[in-house]
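1. Just to be clear, the model below is a prediction. Sequence and coordinates:
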Amino acid sequence: MIEEFSDPVEVWRAAEGDLSGLIALLVAETRPSRRTLDALAGWLSGAFDAEPDLRGIPSVSPFTPDRIRLETAAEDFCRIAEWSMARGFDIDGQSLLKEVAKKWDVDADALGRAVDMLRRSGPRDALKIEARAFRQWQQRTRASGRGQIG
C-alpha cells in the first residue's frame, strides 16, 4: 500500500520534458498507482500549468506520501460514515476511526484531526493536490540542483 502514495516522479519529470521514466512505467506489467494516475491526469488537464510557481514563496506544508495517505484515510472514514448514516446504520465512530487507521497504517489521533479538518474544508481536488505537489517537488529539486532536465 505504501507504493500507492509514493511521489509520482516519473510524471513530474515528464512534465519537465523527460518522458523516458513515464513511458517505462506505462509499458510495464504493473498498473500505475492511484497517485501516479492522478498526477498524470493533473498534468494532461493543465492543472500543473495552472498551479503558481513557488519560487520566492515561503515554504508551505509539503505534500508528502505520508500526508497524502493520512488525508486519503480521512476521506475513506468520511465516506464510510456518510454511507452508514444514509442507510440508517448506527456505528461507533471511535471504533470506525481505529479500524480505518489500522487499514491505512496511520495514527488514530492524527486521523481524527485529519477527519475534523476535512469536514471543515470539504473534499479535496486530487488534480490540484498533485499540481501543488509537483510545484513543491520543482522547488526542492531546483534548490538542490537535482531532477532538472537539460
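-> Perfect, thanks for sending it.

2. do you know how far the closest residue to Ile91 other than its chain neighbours is from Arg120?
-> Nearest residue to Ile91 in three dimensions, chain neighbours excluded: Ser84, at 4.8 Å (Cβ to Cβ, 6 or more residues apart in numbering). No exception for glycine: its C-beta is placed from N, CA and C like everyone else's. Noted for Ser84: a distance of 21 Å to Arg120, by Cβ to Cβ, to the nearest Å.

3. Please apply the same query to Ala47.
-> Per Cβ to Cβ, Ala47 is found 24 Å from Arg120.

4. more crowded one of the two?
-> Ala47 (21 against 7; other Cβ atoms under 10 Å).

5. returning to that earlier point: next helix or strand past the host helix or strand of the residue nearest to Ile91?
-> Ser84 belongs to helix 65-86 when assigned by DSSP states H and E. Moving toward the C-terminus from helix 65-86, the next helix or strand (DSSP H and E) is helix 93-104.

6. Output the next helix or strand after that following helix as CSV - backbone C-alpha positions only.
-> Scanning forward in sequence from helix 93-104 by DSSP H and E, the next helix or strand is helix 108-121. This file holds the C-alpha atoms of helix 108-121, laid out as CSV (Å, rounded to 0.1, in the frame of the first residue of the first chain):
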residue,chain,number,x,y,z
ALA,A,108,-5.7,7.2,15.0
ASP,A,109,-5.3,10.6,16.7
ALA,A,110,-3.8,12.1,13.6
LEU,A,111,-6.6,10.6,11.6
GLY,A,112,-9.2,12.1,13.9
ARG,A,113,-7.6,15.5,13.4
ALA,A,114,-7.5,15.0,9.6
VAL,A,115,-11.2,14.0,9.6
ASP,A,116,-12.1,17.1,11.5
MET,A,117,-10.1,19.3,9.1
LEU,A,118,-11.7,17.5,6.1
ARG,A,119,-15.2,18.1,7.4
ARG,A,120,-14.4,21.8,7.8
SER,A,121,-12.8,22.3,4.4
